[in-house]
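[1] here's my sequence, what's the structure:
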Amino acid sequence: MPKKVSLTVKCPNCGEFLTDDTHLINNRKAIGLNIKTSDGKEGKIWLSSIYGDYNYTCEVPIPEGEVVDFMCPHCNANLARPLECEVCQAPIVSFTCSIGGKVSICSRNGCKNHYVVFENLDTAVRKFYSEYGY
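    Numbers count the residues shown, from 1 in each chain. Below is the predicted model:
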């Protein structure tokens, strides 16, 4: 059975951890964020911290295909970057990964585009093996 890797991420603006200890998805601590929909609805969203898992729960409904703004729950900074999704052209949202580098996701509900970019691959791989035992 393959191991599931949970990523720990921080806000790239204030550096606070985005893990929500009170909310689990697939028995793992979720990534908790604030969101705002195109029609002005605001609420919380919890994303699965397991890389490649698209499960989430949200306080407000998000229609398939809708682009939402993701904000840090600590500093309220918008987490969108000046990059567009290569699949659907929606804004890319990025987080700082605790093992070094960035985790990026598409801001469009239903788009599966996501990726991890490591600052120093050698250091990240050592931390990864140490933390996950591969």
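[2] switch to C-alpha atoms for all contacts and neighbour counts from now on
    Noted.
[3] and stretch 30-39, how far out from the chain's middle?
    Relative to its parent chain, stretch 30-39 has a centroid offset of 11 Å by CA atoms, centre = their mean, to the nearest Å.
[4] ok, residues contacting that stretch?
    9, 18-21, 23-24, 42-49, 62, 66-73, 76 (CA atoms under 8 Å, 6 or more residues apart in numbering).
[5] would you mark the buried spots in it?
    30, 31, 32, 33, 34, 35, 36, 37 (16 or more other CA atoms under 10 Å).
[6] circling back: now the buried members of the contacts of stretch 30-39.
    9, 18-20, 23-24, 44-49, 62, 67-73.
[7] from those, which ones fall inside strands?
    Among the buried ones among the contacts of stretch 30-39, the ones falling in strands (DSSP state E) are 9, 19, 20, 23, 24, 44, 45, 46, 47, 69, 70, 71.
[8] the fifth one pairs with what?
    This means residue 24. residue 29 (DSSP bridges).
[9] and it, how far is that from residue 49?
    9 Å (CA to CA, to the nearest Å).
[10] then the third one?
    When distances are taken as CA to CA, residue 20 and residue 49 turn out to be 10 Å apart.
[11] which neighbours do those two share?
    Common contacts of residue 20 and residue 49 (CA under 8 Å, 6+ apart): 29, 30, 31.
[12] out of these, who's nearest residue 13?
    Nearest to residue 13 among the shared contacts of residue 20 and residue 49: residue 31, at 15.9 Å, using CA to CA.
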